[in-house]
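In: Build the 3D model from these lines:
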Amino acid sequence: MSRTVLHDAALADGSSDSLRLGVSIAMADGRIEAIGANDEIDQAGAAVIDAGGAVIVPALVDCHSHLTMQGGSHWIARGDDPPSVLRQVARENAKRLVQAGVLWARDVGAPMADSRPISLDVREELKGKAGNPYIRVAGTWIGKTGYPDMWVTTDDDGLKDAALAQLDLGTDLVKIYMDAPGGAKESPFSVTALKAATDAVHARGAKVACHSGYLDGARVAALAGVDSIEHGMELDDDIARTMKKNNVTLTSTLSIFASWETFARTTAIERFTTEEGRRRIANRKEGAYAAVAAARRAGVRIATGSDFGGGSVRAGQLAWEVELLVAAGSTPREALIAATRAGGELLGDDHAGRIEKGMPADLVLIHGDPLSDARALWRVWAVFQGGTRVA
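Out: Predicted coordinates:
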């Protein structure tokens, strides 16, 4: 039996507002064998790693990602790249995630090739390979008739069948776009149609994620009892209370606004650089921060997403989202939970984002205290996956 002991670290697993000091963790056969005070952990026959000064946190969960796309200011155009390019981008993004301590990627939209979402092939290629994240995929986007050909588009009558068709292809979940084409702020689907689709997906043991940029789409998604509202750029207290009642998670993606703000200085693209463009971004950002506040007031579960690839953020920057959640009013502990165990709960994975005896030894060592300074999650020193150091 191969054993490794991480000696004399601090532990921040989200169970407390303060660090647990003088902790050692023993890992054996890919799992956490023991967690305890330094003098309680047997080092006999183990490879001992001096973790003094480091903080152990659970491996992170990015609940809103797009592995096949590269992000940046031309992120939309990059979705039209050839499938071979998109697959290579996914391989490179997977490596960046692991280097940043992110071991779970929930891919919520990918372009298709030969009528099949490319993310499915990426998931199968990387499955079980050390040094790659655990991947859950939603296939491609399902939207209202009028969206691009790269999507699956439908109306109320075809929504349930479109959702089930994605599952038939082998997806782990379904992504439904609750913004209407052309910038209309009304919900593109009715509560009745979305609930019927959601119930059918749930009956197959899968989940529904809904993009929502406007209030009415969020209202419909909450009433329909979907599993998550992605972005949630507009929420009010009534919607947040409905989300809480129906166990709907908010997946925050605040870092996209911070990213767009940088493009006002680093690009010449008018949507970012003009006064009108900057005003629109500021208004959307204000709404998203207010949505997080409404979710917190109602006790809604919040999970973090970076929206890398399919948004402007790059892979491996989930720490940015944690930092911005704190700026939006969350405590550092709440933000850490959002990036770890809350994401695992949304995935339905008992060990994702957790550090407990008997669980797979998926954990990260960082420099600094994330319970007082969320920026510490940027400073990754080591990443262990199944007890093996992979970064």
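
In: quick one: pLDDT of the residue with the largest distance to the centre of the chain?
Out: Within the chain, the residue lying farthest from the chain centre (CA atoms, centre = their mean) is Ala44, at 38.7 Å. Per-residue confidence (pLDDT) for Ala44: 92.

In: Three-state assignment for it, please.
Out: Secondary structure assignment for Ala44 (DSSP: H, G, I helix; E, B strand; the rest coil): coil.

In: And it, how far from Ala26?
Out: 10 Å (CB to CB, to the nearest Å). In short, each C-beta sits where N, CA and C put it, glycine included.

In: for Tyr214, same thing?
Out: Taken as CB to CB, the span from Tyr214 to Ala26 is 50 Å.

In: domain assignment for this structure?
Out: 3-58+355-389, 60-347 (automatic domain parsing).

In: ok, longest helix in this structure?
Out: Looking across the chain with DSSP state H, the single longest helix is helix 275-298.

In: Packing partners of the helix or strand following that one?
Out: The helix or strand immediately downstream of helix 275-298 is strand 302-304, counting by DSSP states H and E. Secondary-structure packing of strand 302-304 (3 or more CB pairs under 8 Å, 6 or more residues apart in numbering; DSSP states H and E): strand 60-65, strand 249-252, helix 275-298, helix 318-327, helix 332-338, helix 341-347.

In: The first one - contacts with which helices or strands?
Out: The contact analysis (3+ CB pairs under 8 Å, 6+ apart) places strand 60-65 against helix 83-99, strand 102-107, strand 228-231, strand 249-252, strand 302-304, helix 341-347.

In: picking that back up, export the helices and strands packed on strand 302-304 as JSON lines, with columns for mean neighbour count and distance to Arg20.
Out: Shown next, in JSON lines, are those (neighbours: other CB atoms under 10 Å; distance: least, CB to CB, whole Å):
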{"stretch": "strand 60-65", "mean neighbour count": "31", "distance to Arg20": "19"}
{"stretch": "strand 249-252", "mean neighbour count": "29", "distance to Arg20": "27"}
{"stretch": "helix 275-298", "mean neighbour count": "17", "distance to Arg20": "25"}
{"stretch": "helix 318-327", "mean neighbour count": "24", "distance to Arg20": "20"}
{"stretch": "helix 332-338", "mean neighbour count": "24", "distance to Arg20": "13"}
{"stretch": "helix 341-347", "mean neighbour count": "24", "distance to Arg20": "16"}
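
In: Out of those, which is closest to Ser18?
Out: helix 332-338 (8.9 Å; CB to CB).

In: Now that closest one: average pLDDT?
Out: In the prediction, helix 332-338 has an average pLDDT of 98.

In: Please enumerate the helices of the stretch 1-150 of the chain.
Out: 75-78, 83-99, 118-126 (DSSP state H, counting those that start in this stretch).

In: out of those, nearest to Val383?
Out: Among the helices of the stretch 1-150 of the chain, helix 83-99 comes nearest to Val383, with 6.0 Å by CB to CB.

In: okay, that closest one in CSV with CA atoms only?
Out: Extracted in CSV, the C-alpha atoms of helix 83-99 (Å, rounded to 0.1, in the frame of the first residue of the first chain):
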residue,chain,number,x,y,z
PRO,A,83,-13.5,20.7,-34.6
SER,A,84,-9.8,19.6,-34.4
VAL,A,85,-8.8,23.0,-33.1
LEU,A,86,-11.6,22.9,-30.5
ARG,A,87,-10.6,19.5,-29.3
GLN,A,88,-7.0,20.7,-28.8
VAL,A,89,-8.2,23.8,-27.0
ALA,A,90,-10.1,21.5,-24.7
ARG,A,91,-7.0,19.4,-23.9
GLU,A,92,-5.0,22.5,-23.1
ASN,A,93,-7.8,24.0,-21.0
ALA,A,94,-8.1,20.8,-19.0
LYS,A,95,-4.4,21.1,-18.1
ARG,A,96,-4.8,24.7,-17.1
LEU,A,97,-7.7,23.8,-14.8
VAL,A,98,-5.6,21.2,-12.9
GLN,A,99,-2.7,23.5,-12.6
